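**Q** Okay, structure incoming, though there's no sequence with it:
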């Protein structure tokens, strides 16, 4: 009887271990993050560029699809959004795809398909927070997963 129980337990353990190795990883927002960077010496009324970077924090390679306006940015002053003097922004509605490996990063600034660029700013003197947002999707096992994630605020000082 003991032998039967031990053999049964061994079969169950082997089955469970075998099933775990075949489990597919489903993409989720926690697998990604965004870093945002800006120049250090910012001057009032002078154009500067911020850069958002998508980071793959997972152990899987993903096929990432996005539009020309994948990265957008919001500047906050005292918790309120700072509106830029842009009357019209033209976005060429193209689709792009790239492969993002584990621990890899990806930057994209619109490359001429967004005018004026989403990441160009002119600000008055003061302290600000910049948040980068990324919108993209991943096709995995014939299903699409849509993501819209944002960075932690980057504190900047404009002199």
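**A** Perfect, thanks for sending it. Note that the structure is predicted; figures quoted are calculated from it, not measured. Residues are numbered from 1 along each chain as shown.

**Q** State the mean pLDDT of the strand ranked longest in the chain.
**A** With secondary structure taken from DSSP state E, the chain has its longest strand at strand 126-140. Averaging pLDDT along strand 126-140 gives 96.

**Q** What of stretch 37-53?
**A** Stretch 37-53 comes out at a mean pLDDT of 96.

**Q** helix or strand for the residue nearest the centre of the chain, which one?
**A** In the chain, the centroid-proximal residue (Cα atoms, centre = their mean) is residue 54; its distance is 3.9 Å. In this assignment (DSSP states H and E), residue 54 forms part of strand 51-56.

**Q** Sheet partners, orientation included, of that strand?
**A** strand 32-37 (antiparallel), strand 105-107 (antiparallel) (DSSP bridges).

**Q** Looking at those, spot the one closest to residue 155.
**A** With Cβ to Cβ as the criterion, residue 155 lies closest to strand 32-37 of the strands paired with strand 51-56, at 10.6 Å. The way it works is simple: take the backbone N, C-alpha and C, and place the C-beta from them, glycine included.

**Q** list the buried ones in that closest one?
**A** Buried positions in strand 32-37, judged by neighbour count with 16 or more other Cβ atoms under 10 Å: 32, 33, 34, 36.

**Q** Just want the angle from that strand to strand 126-140.
**A** Counting by axes from the mean of the first three to the mean of the last three Cα atoms, to 10 degrees, strand 32-37 lies at 150 degrees to strand 126-140.

**Q** which residues are in contact with strand 32-37?
**A** 50-58, 73, 105, 130-134, 147, 149-151, 154 (Cβ atoms under 8 Å, 6 or more residues apart in numbering).

**Q** which strand residues sit across from residue 140 in the sheet?
**A** Using DSSP bridges, the bridge partners assigned to residue 140 are residue 143.

**Q** From what I see, it and residue 28 are in contact.
**A** No. Using Cβ atoms under 8 Å as the test, residue 140 is too far from residue 28 to be in contact (10.6 Å).

**Q** Count residues in the vicinity of residue 85, would you?
**A** Applying other Cβ atoms under 10 Å, we find 6 other residues in the vicinity of residue 85.

**Q** In contact with it, which residues?
**A** Here residue 85 is in contact with residue 122 (criterion: Cβ under 8 Å, 6+ apart).

**Q** Let me know the distance separating it from residue 45.
**A** The gap separating residue 85 from residue 45 is 11 Å, by Cβ to Cβ, to the nearest Å.
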